[in-house]
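Asks: Attaching a predicted model along with its sequence, questions to come.
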Amino acid sequence: MQLRQATSSLLAAAIFGVTAIAQAAPIERVLLISIDGLHALDVARYIEGHANSALAKLSRQGITYTNARTPANSDSFPGLLALITGGSPISHGLFYDVSYDRSLFDPSNTSCTGKSGNAIVFDESIDKYTPQNVSLDVIDPKKLPRGLNDAGQCVTVFPHDALKTNTIFEVVKDAGGRTAWADKHPAYDLVNGPSGKGVDDLFTPEITNVNGLDATVSVVCTVANDQKKVAAILNEIRGQNHDGSPGHGVPTVFGMNFQAVSVGQKVAKDNSDGSCSDSVTAGLSGKAGGYLDGAGTPSDVLAYGLQKTDAALGQMIAALKQQGLYRSTLFIVTAKHGQSPINPVKVNKPGHFADLVAALPGAGANPAAQVIANAAACSTGPCGFVQDDDIALIWLPDQSQTQMVADYLNANAKALFIDQVLAGDELTLKFNEPTNDSRTPDIIVQPQYGTIYTGSGAKNAEHGGFSVGDTNVGLIISNPSLPTGGRVIKTPVATSQVAPTILQALGIDPQALRSVVVEQTEVLPGLFR
């Protein structure tokens, strides 16, 4: 039986004890869009000012959740995994794209011998590159960490191998459907899930070439990179593969991420290094990014990113209508993460966290300060790790020192711009016990709102932490047959609820996702009755 027939039968039978989203036109596919950085506030303001926009149309024909939050923490990896697994680092096991695992080994340790522990690097640096520093848009296995598999063999650990739970793509494939996804780095092999085969059509054009063109220096060049993925979605809507070659029909679950809004929020000045010539043509080169005030008024740079992204959503809507697929497609717009701070006067960039610790009076002789310094200086091996943005994650080489280090940080909270130090019981209220989970940091530092642990002048916002700016993201679930079209729900929801909602809409048991079972993630309210 084809998935479409099976789905219709399941919906008609109300196998889960609910009535489907749209009885007249059963949902046959889901288009999932992450507009990285998109706040709920951005959605509200954009719709108010652009009544004929794609976002406004989707909102009028759907449900807008104004109090949606990403599960802590809000980096791109856990942000996306919330949407496609229904979980958080508690179940999927990934805190950041560059993090640490006490059970893994250095890429050069091909025998996995000696003491375990190594950084997990899953960013643009693991690509294969040409001599001209242009990514080949594939992963170089030689740059990946090593680990022991179930048979005790020392193997390369790809991003998808690091995932501890399955994804909606794997579940939909198991049900007979087809899947596709497009994202910003080849490291988004992650979405394939533990099977390594969850996505039939994966497209990952690199946005940030190491020692080469970094499109994120400008919102204009970022839009150009986004448009590669938009073209892929339009091809897939026509039943082709992402590159326009003959395909196998429209995917059952597919989607992409947009980066333009995130870059528009982050850049202190567009095209600061002059590498994006199109920024000059667009009249944005040298202009400030971000927001103009605490009310979320976008700068010209951010407004450009919002407008181009909305126009791309309009292209997708038009393509679905042209193919006669709009009424049978559930269109979801949300974000992996937000960006902090919104209010520009709150921006505080004091320097990297470990450097601030090292500058404290007496730090050179303090054992806690030395532990942090050593972990921050460690590039490979079992010597701990420090990751910082608008958060600081600390993995210690000796976990027995956790309380000592946490006490030291709390005692110097003011000088380090710390709002909260999570360690011990405070940490395990939210995450797994670090001594039992090889991925969980020993200490998590949430700084005061607006603080970014960097000295860089290139950006004026970041994500990764737990603040409202980081976590309160836009979320619209849309379909023209929704009986509750135009409804706004202000009840708090989590973006992890998107994954079980997608499966429910397709007539697949959400409990097929292991994260849903472990974390008891519910479907979003208001869509089913």
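Replies: Thanks, I have it.
Asks: mind listing the helices for the stretch 401-529 of the chain?
Replies: 402-411, 425-428, 468-471, 498-505, 514-519 (DSSP state H, counting those that start in this stretch).
Asks: out of the ones you listed, nearest to D123?
Replies: Closest to D123 of the helices of the stretch 401-529 of the chain is helix 468-471 (CB to CB; 18.8 Å). Just so you know, the C-beta spots here come from the backbone N, C-alpha and C atoms, and that holds for glycine as well.
Asks: and the nearest residue to S262 once chain neighbours are set aside, helix, strand or coil?
Replies: Leaving aside its sequence neighbours, S262 sits nearest to G37 (CB to CB, 6 or more residues apart in numbering; 3.4 Å). Secondary structure for G37, judged by DSSP: H, G, I helix; E, B strand; the rest coil, is coil.
Asks: want to throw the helices of the stretch 401-529 of the chain into TSV with mean pLDDT, mean neighbour count and distance to H185?
Replies: Shown next, in TSV, are those (pLDDT from 0 to 100; neighbours: other CB atoms under 10 Å; distance: least, CB to CB, whole Å):
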stretch	mean pLDDT	mean neighbour count	distance to H185
helix 402-411	98	18	32
helix 425-428	96	14	29
helix 468-471	96	24	20
helix 498-505	98	26	21
helix 514-519	98	21	22
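Asks: N166 is nearest to which of those?
Replies: Taking CB to CB, helix 514-519 is the member of the helices of the stretch 401-529 of the chain nearest to N166, at 5.6 Å.
Asks: What are the contacting residues of that closest one?
Replies: For helix 514-519, contacts defined as CB atoms under 8 Å, 6 or more residues apart in numbering pick out 85-88, 90-92, 165-166, 496, 499-500, 510-511, 521.
Asks: In PyMOL, how would I select the buried members of the residues you listed?
Replies: Restricted to buried positions by 16 or more other CB atoms under 10 Å, the PyMOL selection for those reads:
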select buried, resi 85+86+87+88+90+91+92+165+166+496+499+500+510+521
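Asks: Give me the pLDDT for the residue nearest to S262.
Replies: Note on G37: pLDDT of 98.
Asks: okay but it is in contact with A335, surely?
Replies: Yes: the pair G37 / A335 is scored as a contact, 6.4 Å apart, by CB atoms under 8 Å.
Asks: Show me which of those two is the more surrounded one.
Replies: A335 (33 against 30; other CB atoms under 10 Å).
Asks: which ones are touching the more buried one?
Replies: 34-39, 70, 79, 473-475, 495.
Asks: Same list, those residues, but as a markdown table with distance to T113 please.
Replies: Formatted as a markdown table, those follow (distance: CB to CB, whole Å):
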| residue | distance to T113 |
| --- | --- |
| S34 | 40 |
| I35 | 45 |
| D36 | 40 |
| G37 | 43 |
| L38 | 46 |
| H39 | 47 |
| T70 | 39 |
| G79 | 35 |
| V473 | 44 |
| G474 | 48 |
| L475 | 47 |
| T495 | 41 |
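Asks: Do you know the pLDDT at the most centrally placed residue in the chain?
Replies: Centroid-nearest residue in the chain, with CA atoms, centre = their mean: S76, separated by 2.7 Å. S76 is assigned 96 on the pLDDT scale.
Asks: Next: the one 10 residues further on.
Replies: According to the per-residue confidence, G86 scores 98 in pLDDT.
Asks: next one: G457
Replies: G457 is assigned 88 on the pLDDT scale.
Asks: ditto for S8
Replies: For S8, the pLDDT comes out at 36.
Asks: same check, this time on N366
Replies: 98.
Asks: Show the contacting residues for the nearest residue to it once chain neighbours are set aside.
Replies: Leaving aside its sequence neighbours, N366 sits nearest to Y408 (CB to CB, 6+ apart; 6.7 Å). Taking CB under 8 Å, 6+ apart, we find Y408 in contact with 366, 368-369.
Asks: Any idea how many residues pack against G486?
Replies: When neighbours are defined as other CB under 10 Å, G486 has 11 of them.
Asks: Of the contacts of helix 514-519, which is the nearest to A415?
Replies: Within the contacts of helix 514-519, the smallest distance to A415 is 31.0 Å, found for S88 (CB to CB).
Asks: How about the contacts made by that closest one?
Replies: 71-72, 78, 81-82, 496, 515, 519.
Asks: what two of these are the furthest from one another?
Replies: A72 and S515 (14.9 Å).
Asks: For G86, see how far away the closest residue to S340 other than its chain neighbours is.
Replies: The shortest distance from S340 to any non-neighbouring residue, by CB to CB, 6+ apart, is to G469 (3.2 Å). Applying CB to CB, to the nearest Å, the value for G469 to G86 is 24 Å.
Asks: Strands along the stretch 101-250 of the chain, start to end?
Replies: 118-121, 127-129, 135-139, 146-148, 154-156, 180-182, 201-203 (DSSP state E, counting those that start in this stretch).
Asks: Out of those, the one nearest V445 is which?
Replies: Going by CB to CB, the one of the strands of the stretch 101-250 of the chain nearest V445 is strand 118-121, 18.3 Å.
Asks: picking up where we left off before, closest to L104 among the contacts of Y408?
Replies: For those, the nearest to L104 is A368 (25.8 Å; CB to CB).
Asks: May I see the buried residues of the host helix or strand of the closest one?
Replies: Assigned by DSSP states H and E, A368 falls within helix 367-377. Neighbour-count burial for helix 367-377, with 16+ other CB under 10 Å as criterion, is recorded at 368-369, 371-376.
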